[in-house]
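1. coordinates only, sequence not included:
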């Protein structure tokens, strides 16, 4: 004959077993990933993505330089290849070396493409997403570091379909695997180390570096409008003055960054 204590113990064990069975399993550091290594120089990476299933999570390990509001940046975005099965609603999760979530991408334009921007708050030109149907191509927001600084170190990037769950620890990324066969996109990673000055001379963002950029900056320094939002302190000396114009002319002439 069972005592009350024995019966209670059995009941408790059954409840605990049920709870443990229902709880999601912990996810450890990914073992299926592409190691991009140390990327500490200025470069633009293009990484083709093909999800192997609706619930696939593609992982990338990468070492990145630091990025602060004043120097350096890391920008990430996706653009789908229209000739394949374009991934229309991708997500990028960024995790640190210990598996803690750093941030998750936002989605921009009618294609709902993934978009992240760390570091320098001096705006970089936006990228133009492809059109949908008869719609005109729409530029994404400029890259301006609104996701904050990024310390130097090792990071893990998870690329998934829309609707994924990005856990806060243990690299815990789970795709819902909902309907749809869109599997393909291209992940772009634009890296600018903080020890290399960013001095893009295309101030008016027309795709050319020429006299028009000098006129644009001169107008801004004179109190005119600044649609691109670029910092007028081009030579980074703490002043917005004639010296910035001279530095820009020097850059356009092939003299490099100030």
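-> Ah, there it is. Remember, it's a predicted structure, so these values are computed and weren't measured experimentally.

2. in the protein, where is pLDDT below threshold?
-> Within the chain, the ranges that satisfy pLDDT under 70 run 1-26, 130-137, 177-180.

3. any idea how far the closest residue to residue 76 other than its chain neighbours is from residue 181?
-> Once flanking residues are discounted, residue 76 sits nearest to residue 116: 4.2 Å by C-beta to C-beta, 6 or more residues apart in numbering. All C-beta atoms are positioned from the backbone trio N, CA, C, and that covers glycine. Per C-beta to C-beta, to the nearest Å, residue 116 is found 26 Å from residue 181.

4. the more surrounded of those two?
-> Between residue 116 and residue 181, residue 116 has the larger neighbour count (other C-beta atoms under 10 Å), namely 22 against 7.

5. check contacts around the more buried one.
-> Applying C-beta atoms under 8 Å, 6 or more residues apart in numbering to residue 116 gives the contacts 74-77, 92, 94, 103, 105-106, 147.

6. go again using 10 Å as the cut-off
-> 74-78, 92, 94, 102-106, 143, 146-147, 150, 157, 189 (C-beta atoms under 10 Å, 6 or more residues apart in numbering).

7. then residue 63?
-> 35-40, 97, 152-155.

8. which residues does residue 34 contact?
-> 47, 58-62, 157.

9. before we move on, what about residue 187?
-> Counting by C-beta under 10 Å, 6+ apart, residue 187 makes contact with 45-49, 58, 60, 76-79, 90, 92, 114, 157, 159.

10. one step back: highest neighbour count among the contacts of residue 34?
-> Neighbour max across those (other C-beta under 10 Å) = residue 157, 24 neighbours.

11. wait, that residue sits on residue 94?
-> Yes - at 6.0 Å, residue 157 counts as touching residue 94 under the criterion of C-beta atoms under 10 Å.

12. how far away is residue 80 from residue 176?
-> Residue 80 sits at a distance of 19 Å from residue 176 (criterion: C-beta to C-beta).

13. and the two? Which one has more around it.
-> Legend: neighbour count by other C-beta under 10 Å for residue 80 and residue 176, higher for residue 80 (22 against 13).

14. just the helices in the stretch 101-250 of the chain please.
-> Assigned by DSSP state H, counting those that start in this stretch, the stretch 101-250 of the chain shows helices spanning 211-221, 242-250.

15. burial check on the residue lying closest to residue 160 once chain neighbours are set aside, number of neighbours?
-> Leaving aside its sequence neighbours, residue 160 sits nearest to residue 175 (C-beta to C-beta, 6+ apart; 4.6 Å). Number of residues near residue 175 (other C-beta under 10 Å) recorded here: 19.

16. got it, and residue 256?
-> 9.

17. just checking, it touches residue 250?
-> Yes - shown here, residue 256 and residue 250 form a contact pair, counting by C-beta under 10 Å, at 7.8 Å.

18. what's the overlap in contacts for the two?
-> Counting by C-beta under 10 Å, 6+ apart, the shared contacts of residue 256 and residue 250 are residue 199.

19. OK, contacts around residue 59?
-> So residue 59 contacts 29-35, 93, 95, 156-160, 171, 173 (C-beta under 10 Å, 6+ apart).

20. tell me the one among the residues you listed nearest to residue 238.
-> For these, the minimum distance to residue 238 (C-beta to C-beta) is 35.7 Å, reached by residue 157.

21. in space, what's closest to that closest one - neighbours in sequence excluded?
-> Closest to residue 157 by C-beta to C-beta, 6+ apart is residue 60, at 4.4 Å.

22. quick check: bridge partners of that neighbour?
-> Note on residue 60: beta-bridge partners by DSSP bridges are residue 34, residue 157.

23. from residue 175, how far out is it?
-> Plainly put, residue 60 is 16 Å away from residue 175 if you go by C-beta to C-beta.

24. please apply the same query to residue 248.
-> 46 Å.

25. now residue 195
-> The gap separating residue 195 from residue 175 is 38 Å, by C-beta to C-beta.
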